[in-house]
Every structure is written in structure tokens, then in C-alpha cells.
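A.B. asks: Predicted model and sequence follow; I will ask about them next.
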Amino acid sequence: MEHKNFCECGCAKLAKAGNRFIIGHNMRGKNSHRYGKSGTMKGKHHTAECIQKMSETRRGKKRKPFSAEHRKKLSEANKGKHHSAKSKRKMSIVQKGKNNGFYGKHHTAESNKKNSDAHKGKNIGKNNPMFGKHRSFSAETLEIMRKKGKKYWQNLEYRETIIDAIKTRWQNPEYKQKFSKYLEVRWQDSEYRKMMKDKLCLKPNLLEKDFGSAFPELKFVGDFSFFVGSKNPDFILPGTNVCVDMFGDYWHKPEEVHERQKHFKEFGYELHIFWEHEWKQERLRVISQVNNLIQNVKELK
């Protein structure tokens with residue numbers, strides 16, 4: 001009769017040939033709360049004082065980073081696993097409000113700078129894992145997101161916090177300059193332009209439609225189909241270096257005119273800018289001015 005090698009802990013399970021125990025079962029009944037029903041901590045809990053002592057003992061000590069091989073094993077072990085809806089709800093409740101370890105706290109200026117430096121230059125453009133991709137949410141998820149957003153926005157305190165944060169950021173000239181340079185680099189990437197064009201599905205607004213209908217010689221290119229450096233004009237006169245912009249009074253400021261015209265001039269283009277209030281109040285003058293411009297360009301050709 002074949003001899004069966006049972007685990008000596010008494011669990012009645014078979015151990016590997018040559019082994020006295022199944023891995024971990026040799027600790028059963030000993031001073032470890034991790035294994036078996038007879039562990040000394042089974043059914044017990046640490047006191048608040050004991051938890052505080054253990055916390056202080058470990059404070060400041062960093063765990064050694066996992067090796068690449070260990071990280072790979074962890075990744076493979078958890079591949080395809082998902083938390084249940086019940087588990088997700090529990091985790092959400094545990095980390096909400098005052099239960100969250102960062103509740104009422106704020107990063108210091110030094111900490112923000114470290115985070116900024118650590119992420120600078122990473123995940124930009126093609127290096128971003130979401131570059132050229134689109135997140136797809138189910139109709140149910142989108143509805144939940146919409147309701148949550150609406151609920152948050154009804155909170156006056158939350159709304160004022162968000163608005164103040166945006167205003168503060170845009171009042172910082174250093175931030176505006178950095179953001180402007182960042183966008184300038186992005187818009188010079190043809191793949192990024194194409195992605196934005198497909199995503200936004202841009203069409204002429206009512207003002208641009210009205211203006212464009214008066215001048216069939218002009219071609220609308222405000223859908224990102226034509227760029228001068230990193231700038232996209234509203235209209236061009238095909239076959240020439242003449243560009244035309246129609247500025248809405250709400251969206252644009254007078255100080256933008258000089259900078260924008262200077263940019264186009266650097267690339268050998270001539271930019272003419274007209275304002276919404278001019279088109280509405282002095283339409284005949286604007287029509288005459290644009291027609292004269294078109295006629296003069298044709299004569300020079």
C-alpha cells in the first residue's frame with residue numbers, strides 16, 4: 001500500500017514528498033497571529049496604545065523597493081482580477097471625508113515643487129499612454145458622472161473654491177507664459193492637430209458664417225485645417241499670404257491683436273483682424289475694407 005505524506009499540523013492535507021508540512025503550516029499553534037485557528041491573536045485586537053506604538057516604531061522607515069521580477073509576479077498574479085461592487089463601496093466609504101488620511105491637509109510649497117519636478121517632461125504628447133486614444137464610458141457611467149457633477153456644482157462653497165482656484169492660476173503671469181509655450185509646442189505636432197480636429201468637429205459659429213457668406217473668395221480654415229506656426233486663422237485668401245480673423249468681443253482682448261499679427265508676420269503672412277462690434281455696427285465699412293483688400297491682392301498677383 002502506497003504511503004501518503006500527510007501534513008503534521010493535523011490539517012489532514014497532503015504535503016509534498018519529503019516535507020513534513022505544507023508551506024506555512026509549520027507555524028500553526030505557535031506564537032503567530034497569521035496562521036491557524038490556534039494563533040495567539042485569533043479573535044483578539046490590538047489596543048489603540050499598541051497600534052500607536054507600532055506606528056511610531058515604523059515611522060520614517062521605508063520599505064525596500066520590490067525587484068523587477070517581484071513586480072512582474074505581482075502584476076501577473078492580479079491580472080484579470082477586479083473588486084466587486086460591494087468591495088468598491090466599502091473602500092469608498094472608508095476613505096471618504098474625515099476617514100481619509102489627507103483630510104484637511106495640504107501639500108507644502110516644497111512638496112508641490114518636488115511633485116512638479118518629478119513629473120516634468122513625462123507623459124507629454126506621444127509619451128502619454130492616452131495619446132490618440134479616447135476614454136469610453138457606458139451610458140450608465142456617464143449619467144452617474146453627470147449627476148455627481150451637477151450635485152457638486154450646486155454647492156456654493158465648492159463652486160466658489162473652483163472659480164477662485166482658476167482665477168488665481170490665470171492671474172499668475174508665469175503660469176500663463178508656461179501654458180502658452182506648452183500649447184505652442186503641442187499645436188506644432190501634426191498628429192495632435194489631427195486628433196483635436198477629429199475630436200472637436202469644429203464648424204464656423206454664427207458670426208463666422210455671417211462674415212464668410214459676404215465674401216465667397218475667403219475660405220474658412222478655423223477648423224484646424226490650416227496653421228501658421230502654432231496659430232490657426234479663421235479665413236484665408238487661397239493662393240495668397242493673406243489671413244483674416246473675426247474676433248468675438250467676449251473671447252478676445254485688444255492686446256492680443258499686436259502679438260497675433262507679429263506671429264503671422266514672422267512666417268511671412270499678413271493678418272487682418274475685424275471685431276464683432278465692427279461687423280454689427282459698421283458692416284458696410286467692413287465689407288468695403290475687405291473687398292478693397294481682396295481686389296488689391298488680386299491686382300498684385
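C.D. replies: Okay, I see it. Residues are numbered from 1 along each chain as shown.

A.B. asks: Would you mind identifying the next helix or strand past the worst-scoring helix or strand of the chain on mean pLDDT?
C.D. replies: Of all helical and strand segments in the chain, the minimum by mean pLDDT, DSSP states H and E falls on helix 190-200, at a mean of 81. Proceeding N to C from helix 190-200, the next assigned helix or strand is helix 206-213, under DSSP states H and E.

A.B. asks: Give the buried residues for the least confident helix or strand of the chain.
C.D. replies: 192, 193, 195 (16 or more other CB atoms under 10 Å). (Glycine included, C-beta is placed from N, CA and C.)

A.B. asks: Adding distance to residue 107, write these out as CSV.
C.D. replies: Shown next, in CSV, are the buried residues of helix 190-200 (distance: CB to CB, whole Å):
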residue, distance to residue 107
192, 30
193, 35
195, 32
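
A.B. asks: got the CA coordinates for the least confident helix or strand of the chain in PDB?
C.D. replies: What follows is helix 190-200, C-alpha atoms only, in PDB (Å, rounded to 0.1, in the frame of the first residue of the first chain):
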ATOM      1  CA  SER A 190       0.600  67.500 -36.900                       C
ATOM      2  CA  GLU A 191      -0.800  64.300 -35.200                       C
ATOM      3  CA  TYR A 192      -2.000  66.300 -32.200                       C
ATOM      4  CA  ARG A 193      -3.700  68.800 -34.600                       C
ATOM      5  CA  LYS A 194      -5.400  66.000 -36.500                       C
ATOM      6  CA  MET A 195      -6.600  64.400 -33.200                       C
ATOM      7  CA  MET A 196      -8.000  67.700 -31.900                       C
ATOM      8  CA  LYS A 197      -9.700  68.400 -35.300                       C
ATOM      9  CA  ASP A 198     -11.400  65.000 -35.300                       C
ATOM     10  CA  LYS A 199     -12.300  65.300 -31.600                       C
ATOM     11  CA  LEU A 200     -13.800  68.800 -31.700                       C
END
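
A.B. asks: Isn't residue 145 up against residue 137?
C.D. replies: Yes. Proximity of residue 145 to residue 137 meets the contact threshold set by CB atoms under 8 Å, at 7.2 Å.

A.B. asks: closest to residue 285 among the buried residues of helix 190-200?
C.D. replies: Within the buried residues of helix 190-200, the smallest distance to residue 285 is 34.8 Å, found for residue 193 (CB to CB).

A.B. asks: surely that closest one meets residue 225?
C.D. replies: No. Contact between residue 193 and residue 225 fails when scored by CB under 8 Å: they sit 9.2 Å apart.

A.B. asks: Let me see the ranges of the strands in the chain.
C.D. replies: 219-220, 235-236, 242-247, 270-275 (DSSP state E).

A.B. asks: Out of these, flag the one nearest residue 25.
C.D. replies: strand 219-220 (76.5 Å).

A.B. asks: tell me what the closest one is packed against?
C.D. replies: strand 235-236 (3 or more CB pairs under 8 Å, 6 or more residues apart in numbering; DSSP states H and E).
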